[in-house]
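K.L.:
Any chance you could fold what I've pasted below:
(one chain, ligands or ions: 1)
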Amino acid sequence: MQTYKGSCHCGAIQFSFEGEPITKGMRCNCSFCSKRGIVVSPYPVPEAQFHINAKEGALSLYQFGKKKAKHYFCRICGIHTFTESPRMLGHCRVNLGCVEGVDTFAMDIELFDGKHLL
Ligand SMILES: [Zn+2]
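P.N.:
Numbers count the residues shown, from 1 in each chain. Purely as a prediction, here's the structure:
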């Protein structure tokens, strides 16, 4: 297990989690992810291993469609930080672009067919 630290762009939302070493990322082709173009963690992190430290009022929630997924973002800088997985409640997929020491431009990317599966 490894500890990872992350934050939004302005730093109002800080988070950390413990998980397996991240060697690849995942992209999803659903209507929301394709517009954001982000790379997320290859595994969902259980809430018990996910720690959030946010300035009051910074953490905001966006939901659409069936409203199963909870997409959290920073109200100040607008960066999406993590999503509570619609298929695994209590688990978060993390925006790897927000995670220190992870280079999303230098990793293998797996595709998730969210367009048809979500
Ligand atoms: Zn921010």
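K.L.:
Could I get the average pLDDT for the helix or strand in which F15 is found?
P.N.:
Assigned by DSSP states H and E, F15 belongs to strand 13-19. Mean pLDDT, strand 13-19: 97.
K.L.:
Now do it: which elements does it pack against?
P.N.:
strand 2-7, strand 45-46, strand 50-54, strand 80-84, strand 91-94 (3 or more CB pairs under 8 Å, 6 or more residues apart in numbering; DSSP states H and E). C-beta here means a position set from N, CA and C on the backbone, and glycine is covered the same way.
K.L.:
Just the CA trace of the first one, in CSV.
P.N.:
Read that as strand 2-7. Extracted as CSV, the C-alpha positions of strand 2-7 are listed here (Å, rounded to 0.1, in the frame of the first residue of the first chain):
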residue,chain,number,x,y,z
GLN,A,2,1.1,3.5,-0.8
THR,A,3,-0.2,6.9,0.5
TYR,A,4,-1.2,9.4,-2.1
LYS,A,5,-1.9,13.1,-1.6
GLY,A,6,-4.0,15.3,-3.8
SER,A,7,-5.7,18.7,-4.1
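K.L.:
Contacts for that strand next, please.
P.N.:
13-22, 81, 94-95, 98-102 (CB atoms under 8 Å, 6 or more residues apart in numbering).
K.L.:
Could you give me the PyMOL syntax to select whichever of those are buried?
P.N.:
Entered in PyMOL, the line below selects the buried ones among these, by 16 or more other CB atoms under 10 Å:
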select buried, resi 13+14+15+16+17+19+22+81+94+95+98+99+102
